[in-house]
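1. No letters, just coordinates:
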Ligand SMILES: C[S@@+](CC[C@H](N)C(=O)[O-])C[C@H]1O[C@@H](n2cnc3c(N)ncnc32)[C@H](O)[C@@H]1O
């Protein structure tokens, strides 16, 4: 274990921990009876460490390396894609910093919106780089959404991300403000417009249905965005939080198991009734 730790640049304690939680288990024994790593264990360790260095949590890493549909080559391709995205984002940030340095040298002040953009007000540009690898479609949600869409032929998917819940067999237009998210949309996904919910670049009643899944809580002005959806479509389908429901903090996995503080983020979130009114009941 000491030698493997040295080679991999991690502590023996880390290796013990990975062994304990079943993430990377040394599967061989030395003649003296010590546990030892086979080539396959080392390959798995390399994948685990690469995903860890990209910022994935241990539970996410376990899901990624145990993905039955991914072999070693698929992991390498996925890691390569994720690293390239990181590099593109870093390049974009360096370019933005260079622009600001040059502007300051000329005595030009940077408008607050631009400063915020640089510092990550565009949340998903900063945190969304691994979305395609970690986001899964929940089949029960997809079924309910499909049902709610009814016989809609044209659909606008607002805050579409990488398109997890975009329905097949309909004419879909996606709307997504984050460049990092747009860049991860798979080839063949619906065309995607760079815009935010609060200002949709479409005519009134341009679509049969406007849908928004797990995104309203990120909007700067949720009610304005919902009214926009109502304006551009005949019907609106939204999957969001109901923070009026008593006890939601104890049922929602994020607040219950990990981050009770998350409840504070939703303190000013509109009531479900208010949101329903904004989209026409
Ligand atoms: C949790 S992801 C959900 C993505 C997708 N709907 C899904 O269910 O997989 C939230 C998405 O909302 C987008 N978003 C953030 N602010 C937005 C805004 N004002 N208008 C539209 N989308 C926004 C983010 O960029 C991100 O892609």
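-> Great, that's in hand. Small disclaimer: the values here were computed from a predicted structure and weren't measured.
2. Ignoring the adjacent residues along the chain, who's closest to the closest residue to the ligand within the stretch 1-150 of the chain?
-> Using C-beta to the nearest ligand atom, residue 124 is the residue of the stretch 1-150 of the chain that sits closest to the ligand, at 3.5 Å. Every residue, glycine included, has its C-beta placed from N, CA and C. Spatial nearest neighbour of residue 124, excluding adjacent residues (C-beta to C-beta, 6 or more residues apart in numbering): residue 178 at 3.8 Å.
3. contacting residues around that neighbour?
-> With contact taken as C-beta atoms under 8 Å, 6 or more residues apart in numbering, residue 178 is in contact with 122-125, 128.
4. near the ligand, which residues of this protein?
-> Applying C-beta under 6 Å from any ligand atom, we find that the chain lies next to the ligand at 124, 135, 158-161, 164-165, 176-178, 181, 196-198, 213-215, 218-220, 225.
5. pLDDT below threshold where in the protein?
-> Confidence mapping of the chain against pLDDT under 70 gives the ranges 96, 109-122.
6. if we can go back for a sec, so which of the contacts of residue 178 wins on neighbours?
-> Within those, residue 128 tops the neighbour count with 24 neighbours, counted by other C-beta atoms under 10 Å.
7. In three-state terms, label whatever residue of the stretch 151-281 of the chain ends up closest to the ligand for me.
-> Sorted by distance to the ligand under C-beta to the nearest ligand atom, the residues of the stretch 151-281 of the chain start with residue 161, at 2.6 Å. Secondary structure for residue 161, judged by DSSP: H, G, I helix; E, B strand; the rest coil, is coil.
8. Correct me if wrong: it contacts residue 137.
-> No. Residue 161 sits out of contact with residue 137 when judged by C-beta atoms under 8 Å, with a separation of 11.1 Å.
9. where's residue 88, which helix or strand?
-> Element membership of residue 88, judged by DSSP states H and E, is helix 72-105.
10. quick one, helices of the stretch 51-200 of the chain?
-> Under the criterion DSSP state H, counting those that start in this stretch, helices of the stretch 51-200 of the chain are mapped to 58-65, 72-105, 112-119, 123-127, 131-134, 139-149, 179-183.
11. Pick the most buried one from those.
-> When you average the neighbours per residue for each of those (mean count of other C-beta atoms under 10 Å), helix 179-183 leads with a mean of 20.
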